[in-house]
Each structure stands twice: as C-alpha cells, then as structure tokens.
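> what follows is a protein structure lacking sequence information:
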C-alpha cells in the first residue's frame, strides 16, 4: 500500500477496518457512505482498506447484535463497490492476513476483481531481507546470511528485522561496535525460537 501511495497522483485514503466497527446501529454504514461520497468529489481516488476482515468476515445466522451491525457495514461497502450508482473514478484496495474467513459476497467479480497473495518469503527472499537490514548496521565481514535465513523458516520480514535489531543489542551489551555472526545466531535463538512456541501462523501461509 505504501508503494502504491507513493506512485500514484490520485487522492489516497487509508481506512482501518476496525474504525468502521461502531457502537451504535447504522454508524458504520454511514461512515462508509460518507467515505465514498468524499472519494467521488475527487478527480481520482484510491481507497485502501486495511484489516478488512474486521468487517468482511463470513456471515453467520447467530442473531448477535454486534455481528448484525458489522454485517450492515459490510453490506453498505458491497453496495458502494457494486451497487446501483456508478462508483466513478475510484479504485479500491483491501488487505488482510486472513483471506480464508472473508465473506464470499465480498470476493465476487465486480467488487474485488484481483486477488494478490504475498506469502512468506522463501530462502532467497529471507537472505535478501537479512542483507537489506544489515546494510544499516556495523557488521563483520563474511557473515553467512544464507545460513541465518535457513535458521528462520516461515519467518516474515518483520521477524527478520527484529532478529537484526536484537543482534545489534547483543553487540551493544558486549560493548562492541560491530555485530558478529554469533550475535545474529543468538538473536535468532531468542527471537525466532521463542516466537515459535506461541506462533499461530495459518497453515496456508506456511512456506519453507
């Protein structure tokens, strides 16, 4: 989303899905209508919904009042995407880390036409991410970044960044100006290994 925002000349609006979950009946749907009305007033507009699963989850007939309000908000969003009134020069992006729970009605053609999945980085990707974060650090030469990447299976870019930060902290505690490969190995053991005990990575995202 940041890359798109930097590249486009259109008005860019970012909305977090949880912001549309309101206490009072009809408030979320009203916010969606006002959002698209403001977007239509622009020459061109790009709306980015982050964490869309907050309002776009599959519907269940359980009669819960809070869930009913969330469903009303989602139905209003669907109406704005593919309703009677033309959308105009408005493009919509949505992001979620739980595509498996989205309502099928939201995924129909004409509403969301493209689905782009960014999976977990593979070995080559993890190696490259390590090198990117190491550029801004004082590290010893000949660090085996591929070895470090192999020790971080199924890790995200954010986790690898945490490893690099922790490696720098190990060097600081040892009163050294340069982070060594041993610092990175200890950081992996602290960040990745301990994280794995509590990891709830969905099965569909698992990729070695």
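Thanks, I have the structure now. This is a predicted model, so every value here is computed, not measured.

> now do the strands in this protein.
In the chain, the strands defined using DSSP state E lie at 11-16, 45-50, 90-95.

> most packed of these?
Ranked by mean neighbour count, those are led by strand 45-50 with a mean of 20 (mean count of other CB atoms under 10 Å). In short, each C-beta sits where N, CA and C put it, glycine included.

> domains of this protein?
Listed domain ranges for the chain are 2-107, 123-195 (source: automatic domain parsing).

> rewinding a little: the strands of the chain: which one's closest to residue 71?
Residue 71 lies closest to strand 45-50 among the strands of the chain, at 16.1 Å (CB to CB).

> can you list the strands that the closest one pairs with?
Strand 45-50 pairs in its sheet with strand 11-16 (parallel), strand 90-95 (parallel), by DSSP bridges.

> of all these, which one comes closest to residue 53?
strand 90-95 (9.3 Å).

> chain center to the closest one: distance?
Relative to its parent chain, strand 90-95 has a centroid offset of 14 Å by CA atoms, centre = their mean, to the nearest Å.

> what is the mean pLDDT for it?
Summarised as a single mean, pLDDT over strand 90-95 is 90.

> can we start the residue count at 22 from this point?
From this message on, residue numbering opens at 22, which makes the last subject strand 111-116.

> how about residues contacting it?
Residues from elsewhere that reach strand 111-116 (CB atoms under 8 Å, 6 or more residues apart in numbering): 22, 25, 31, 57, 60-61, 65-73, 77, 102, 133.

> one more time with 7 Å, if that's ok
By CB atoms under 7 Å, 6 or more residues apart in numbering, the residues outside strand 111-116 that reach it are 22, 25, 57, 60-61, 66-71, 73, 102, 133.

> now do stretch 62-79
Contacts of stretch 62-79 (CB under 7 Å, 6+ apart): 22, 25, 29, 31-39, 41-42, 56, 60, 91, 94-95, 98, 110-117, 119, 122-124, 127.

> how about a cut-off of 8 Å?
By CB under 8 Å, 6+ apart, stretch 62-79 touches 22, 25-26, 29-39, 41-42, 49, 56-57, 60, 91, 94-95, 98, 110-119, 122-125, 127.
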